[in-house]
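Student: Using only what follows, build the 3D model:
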Amino acid sequence: MGRVTDLASFAALLAPEGQTLLAALRDYDPARELAVASRLRRDHPAELVTAALGQARLRQRAVAKFGAEDAYRMYFTPNGVEQSTRASVGAYRAGRMKALGIGGVADLCSGIGGDAIALARAGISVLAVDRDPLTAEAVRANAEALGLSGLIEVRCADVTEIDTSPYDAVFVDPARRGGRGRIFDPEAYSPPLSWAVEAARKAPHAALKVAPGIPHEAVPAEAEAEWISDGGDVKEAVLWFGTEPGARRATLLPSGATLAGRGLPDPAVRPVGRYLYEPDGAVIRAHLVAEAAEELDGGLIDETIAYVTSDVLAPTPYAAAYEITDELPFNLKRLKALLREREVGTLTVKKRGSAVEPEEIRRKVRPKGPNAATVLLTRVAGAPTMLIGQPVRAGGGA
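Tutor: The predicted structure follows:
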């Protein structure tokens with residue numbers, strides 16, 4: 001579909017008839033789309049029905065990132081849903097900017113406006129810039145729908161041509177997806193990371209959103225690098241300018257717990273103790289396993305594996321704890337016999353440093369019974385090992 005047609009269809013969705021259709025499609029079942037489309041086309045133009053169904057699907061997908069209350073009022077493009085920031089992460093980042101005293105932000109590569117919305121809700125005025133006309137219209141519609149148009153100015157333009165000098169900060173979220181999927185080379189971002197860094201250097205403050213797998217050597221010396229996870233999933237890394245040059249930190253949402261780097265050496269390798277700790281992915285990405293291990297008075301089970309072991313159970317927001325009951329050399333027959341003996345029917349299989357896939361383990365051991373267990377496939381001092389145990393709940397019990 002051409003961009004002119006897209007813009008026309010989008011405008012039709014904002015008109016009263018389009019709004020009526022979107023309201024009627026809020027809870028529709030995509031599995032019944034053909035029947036729904038046929039029914040609606042009896043009373044509405046076919047092109048408008050197609051556009052409304054497409055927007056209804058995108059809204060349903062967006063609920064996971066924005067929550068139902070916002071998602072069903074907002075407008076999306078397929079790329080916008082895929083690449084937009086999760087609302088909880090955007091709110092956290094906006095909160096940091098507010099705490100820095102930032103009052104105005106140039107949001108370059110704004111997408112459908114997820115970050116602009118978070119910034120505006122923090123009381124920060126935003127210039128939202130995107131070069132795609134349809135995306136820019138979506139930002140404008142979202143600002144209006146959420147009552148934020150007074151704080152969000154939308155401009156359809158090439159971000160490289162924007163004068164950011166009137167703003168306290170620059171936020172850049174380069175496109176990290178192309179026709180073949182995710183882009184891992186920061187210089188292949190659109191715009192390239194090097195351009196974003198130069199834009200950041202011209203502003204009093206800046207935040208650049210990058211992939212969490214960014215090589216540490218690609219982080220500029222004057223930037224603070226922060227890795228953010230939400231609900232245990234690593235979502236992004238942010239390069240902050242105008243804060244703490246050279247600092248590294250891991251921030252875990254929704255708690256907001258932040259672990260700061262202290263330049264510690266790698267922890268010593270020690271035998272598997274009573275407890276095993278699996279650091280959060282943001283801690284691992286930030287190379288802060290040593291800092292987490294120090295808090296736990298723990299060591300590594302293998303110099304190449306990010307599992308921390310200790311004989312002490314210590315509460316920590318930075319790692320999930322398991323109480324280990326068995327440490328066995330990797331052997332499927334032995335594992336199957338042990339699980340049968342203990343009547344384990346609910347089996348969780350995790351792996352780190354093992355080539356064996358969890359599904360293969362579950363298929364071959366065929367767990368059966370009323371009890372539950374966790375098997376961690378890993379290496380201990382270089383040897384393939386199975387650790388068996390139970391997760392420890394936050395209150396301290398297994």
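
Student: now the end-to-end length of stretch 127-137.
Tutor: Using CA to CA, to the nearest Å, one end of stretch 127-137 lies 14 Å from the other.

Student: Mind listing what's buried along it?
Tutor: For stretch 127-137, a neighbour-count test (16 or more other CB atoms under 10 Å) marks 127-130, 132, 134-137 as buried. C-beta: built from backbone N, CA, C; applies to glycine.

Student: those strands in the stretch 251-398 of the chain, which residues are they?
Tutor: For the stretch 251-398 of the chain, the strands defined by DSSP state E, counting those that start in this stretch cover 257-260, 275-279, 299-300, 308-310, 319-329, 344-351, 371-380, 383-391.

Student: any idea which of the ones you listed is most buried?
Tutor: Highest mean neighbour count among those (mean count of other CB atoms under 10 Å): strand 308-310, with a mean of 25.

Student: can you pull the buried residues of stretch 280-298?
Tutor: Buried, per 16+ other CB under 10 Å, within stretch 280-298: 280-293, 295-296, 298.

Student: just the helices in the stretch 1-150 of the chain please.
Tutor: Along the stretch 1-150 of the chain, counting by DSSP state H, counting those that start in this stretch, helices occupy 3-14, 16-24, 33-40, 46-66, 68-71, 78-83, 87-99, 114-121, 133-145.

Student: on that earlier part again, and the strands of the stretch 251-398 of the chain as TSV, adding mean pLDDT and distance to residue 163?
Tutor: TSV is the format used below for these (pLDDT from 0 to 100; distance: least, CB to CB, whole Å):
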stretch	mean pLDDT	distance to residue 163
strand 257-260	97	34
strand 275-279	97	43
strand 299-300	97	50
strand 308-310	97	49
strand 319-329	96	45
strand 344-351	94	50
strand 371-380	96	53
strand 383-391	96	53
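
Student: need those in TSV with distance to residue 42, can you?
Tutor: TSV is the format used below for the strands of the stretch 251-398 of the chain (distance: least, CB to CB, whole Å):
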stretch	distance to residue 42
strand 257-260	55
strand 275-279	55
strand 299-300	66
strand 308-310	63
strand 319-329	54
strand 344-351	50
strand 371-380	53
strand 383-391	54
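
Student: Count the neighbours of residue 191 for me.
Tutor: 18 (other CB atoms under 10 Å).

Student: same question, residue 172
Tutor: Using other CB under 10 Å, residue 172 has 26 neighbouring residues.

Student: tell me the contacts of it?
Tutor: By CB atoms under 8 Å, 6 or more residues apart in numbering, the contact set of residue 172 is 108-109, 159, 191, 196, 199-200, 206-209.
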